[in-house]
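# below are the sequence and a predicted model for it; my questions follow.
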Amino acid sequence: MAKATINGHVLAESDEFEVVEGNVYFPPSSVKMELFKPNDSHTTCPWKGEASYYDIEVDGETLRGQAWYYPDPKSAAENIRDHVAFYVPPVEVTQ
């Protein structure tokens, strides 16, 4: 079981997840999307492709760009398509 939390709020929790480069990627069905807002930021990884970002909104605070996902990954990263990963800290991720 992997779990992502911040300030006592569970952001994602699942028995099924992927670990890539030390980051836990949660399947979209395990993510509490009501706490997320799309962000216009993008970065590019040479082997995974272009990442998109989410802001996390908890306790009236917006944590800008603290979660990311690959909506259209390169073939080597197909296993994390749409899975969500988090910056640690501020998010706490346990396995």
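Nice, I can see it. Since this is a predicted model, take the numbers as computed values, not measurements.

# separation between the residue lying farthest from the centre of the chain and residue 7?
With distances taken as C-alpha atoms, centre = their mean, the residue sitting farthest from the centre of the chain turns out to be residue 60, at 19.9 Å. Using C-beta to C-beta, to the nearest Å, one obtains 11 Å as the distance from residue 60 to residue 7. Every C-beta, even on glycine, is put in place using the N, C-alpha and C of the backbone.

# for residue 44, same thing?
31 Å.

# mind listing the strands for this protein?
2-6, 9-14, 18-20, 23-25, 36-45, 49-58, 61-69, 84-86, 92-94 (DSSP state E).

# the ones you listed: which one's closest to residue 75?
strand 49-58 (9.3 Å; C-beta to C-beta).

# flag every buried residue along the closest one.
49, 51, 52, 53, 54, 55, 56 (16 or more other C-beta atoms under 10 Å).

# adjacent strands (with direction) for that strand?
strand 36-45 (antiparallel), strand 61-69 (antiparallel) (DSSP bridges).

# can you say which of these is packed in most?
Of all the strands paired with strand 49-58, strand 61-69 carries the top mean neighbour count, a mean of 17, counting by mean count of other C-beta atoms under 10 Å.
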